[in-house]
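> coordinates only, sequence not included:
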């Protein structure tokens with residue numbers, strides 16, 4: 001049976017997706033070029049029931065649909081290499097977690113060779129969701145790509161715009177919050193443990209945390225920073241000292257103090273009511 005999809009890269013995401021594509025996919029992973037990792041990667045191919053190509057050129061020969069699932073630092077380089085190996089009309093889906101600018105660089109290479117480039121953002125862990133993981137699509141090829149992707153079993157797709165970079169912008173900017181909260185959690189809990197007050201800190205957070213939609217939460221948070229940013233920055237300076245005394249590097253906390261001081265220093269006397277209006281006030285002051 002002729003393979004219906006080609007995967008470039010066969011790590012966690014590739015293996016999670018290919019588990020439903022036995023006999024329908026082929027893949028190339030550069031780890032097969034290294035004798036130290038070749039056998040293990042070939043075993044991954046066999047376990048998924050797909051064909052493992054010996055080279056990128058072999059993987060892309062005759063390919064009509066390509067999924068790029070490499071490490072972020074290789075996304076543009078792989079697109080440039082693939083551009084010279086794919087036929088005109090090939091649909092190249094870039095699912096890598098990279099900046100919009102990187103996606104546009106990759107798109108330029110693919111489109112210069114006659115291919116169709118699709119910016120895809122993966123918005124959740126691929127396991128255990130696998131083919132049900134939420135995907136955002138953008139770019140001129142988005143509408144045309146939706147049908148072949150659904151035919152592979154992807155069931156949670158949404159087109160967010162006609163330009164390459166729109167899907168990845170959502171992914172990257174969202175990560176400011178998602179990964180930032182993870183980093184803040186680590187910094188907070190390491191310090192709480194070092195101080196011997198972890199249970200009390202967690203209980204206090206439970207007591208003060210109010211469930212609310214993110215739009216309301218963002219509006220409230222900006223309001224607090226506009227009104228009390230300078231005072232809160234001073235408090236965070238003391239938090240920095242607290243963590244340093246406990247032997248915990250306050251990388252995130254220093255950034256919090258900096259951002260609180262920046263917003264508070266704008267001295268906006270009356271914060272606007274809506275989130276959009278508050279952002280406009282902040283942008284207006286910072287551009288003066």
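Good, I have the coordinates. Nothing here was measured: the structure is a model prediction, and the numbers come from that model.

> quick one: average confidence on stretch 192-206?
For stretch 192-206, mean pLDDT is 94.

> That should have said stretch 247-257, apologies.
Averaging the model's pLDDT scores along stretch 247-257 yields 93.

> Buried residues in it, which are they?
Neighbour counts over stretch 247-257 (16 or more other CB atoms under 10 Å) mark 248, 250, 252-253, 256-257 as buried. Quick note: C-beta positions are derived from backbone N, CA and C, even for glycine.

> ranges for the helices of the stretch 51-200 of the chain?
56-60, 75-83, 100-112, 142-151, 166-195, 198-208 (DSSP state H, counting those that start in this stretch).

> which ones are touching residue 215?
Counting by CB atoms under 8 Å, 6 or more residues apart in numbering, residue 215 makes contact with residue 275.

> Quick check, residue 22 in contact with residue 45.
No - with contact defined as CB atoms under 8 Å, residue 22 does not reach residue 45; the gap is 10.8 Å.

> The longest strand anywhere in the chain pairs with which strands?
Ranked by residue count, the top strand of the chain under DSSP state E comes out as strand 116-122. Strand 116-122 has the following strand partners under DSSP bridges: strand 91-94 (parallel), strand 135-138 (antiparallel).

> Kindly report the domain assignment for this structure.
5-169, 210-286 (automatic domain parsing).

> And residue 94, how far from residue 141?
11 Å (CB to CB, to the nearest Å).

> returning to that earlier point: in CSV, list the strands paired with strand 116-122 along with distance to residue 281.
Listed next are the strands paired with strand 116-122 as CSV, based on distance: least, CB to CB, whole Å:
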stretch, distance to residue 281
strand 91-94, 37
strand 135-138, 30
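
> Could you identify which of the ones you listed is most buried?
Comparing the strands paired with strand 116-122 by mean neighbour count (mean count of other CB atoms under 10 Å), strand 91-94 ranks first with a mean of 26.

> angle of the longest strand of the chain against helix 166-195?
Strand 116-122 runs at 30 degrees relative to helix 166-195, counting by axes from the mean of the first three to the mean of the last three CA atoms, to 10 degrees.

> What average pLDDT does strand 116-122 get?
pLDDT averaged over strand 116-122 gives 97.

> Neighbour count: residue 22 and residue 45, which is higher?
residue 45 (23 against 11; other CB atoms under 10 Å).

> Tell me who's in contact with the more buried one.
Taking CB under 8 Å, 6+ apart, we find residue 45 in contact with 10, 27, 51-52.

> what's the strand or helix carrying residue 281 in contact with?
Secondary structure from DSSP states H and E places residue 281 in helix 275-286. Contacts to helix 275-286, defined as CB under 8 Å, 6+ apart, come from residues 215, 218-219, 222-223, 226, 263, 266, 268, 271-272.

> returning to that earlier point: for ChimeraX, write the select line for the buried members of the contacts of residue 45.
The ChimeraX command for the buried members of the contacts of residue 45 (criterion: 16+ other CB under 10 Å) is given here:
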select :10,27,51,52
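
> export the contacts of residue 45 to a markdown table and tack on distance to residue 197 and pLDDT?
Formatted as a markdown table, those follow (distance: CB to CB, whole Å; pLDDT from 0 to 100):
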| residue | distance to residue 197 | pLDDT |
| --- | --- | --- |
| 10 | 45 | 96 |
| 27 | 49 | 97 |
| 51 | 56 | 95 |
| 52 | 52 | 96 |
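
> now, which of the contacts of residue 45 sits nearest residue 128?
Among the contacts of residue 45, residue 10 lies closest to residue 128 (CB to CB), at 18.5 Å.

> Correct me if wrong, but the closest one is in a strand.
No - read with DSSP: H, G, I helix; E, B strand; the rest coil, residue 10 is coil and lies in no strand.

> Report the contact partners of it.
18, 27-29, 31, 41, 44-45, 52, 69.

> Let me have these in JSON lines, extended by distance to residue 285.
Converted to JSON lines, those look like this (distance: CB to CB, whole Å):
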{"residue": "18", "distance to residue 285": "51"}
{"residue": "27", "distance to residue 285": "51"}
{"residue": "28", "distance to residue 285": "51"}
{"residue": "29", "distance to residue 285": "50"}
{"residue": "31", "distance to residue 285": "51"}
{"residue": "41", "distance to residue 285": "54"}
{"residue": "44", "distance to residue 285": "53"}
{"residue": "45", "distance to residue 285": "56"}
{"residue": "52", "distance to residue 285": "57"}
{"residue": "69", "distance to residue 285": "43"}
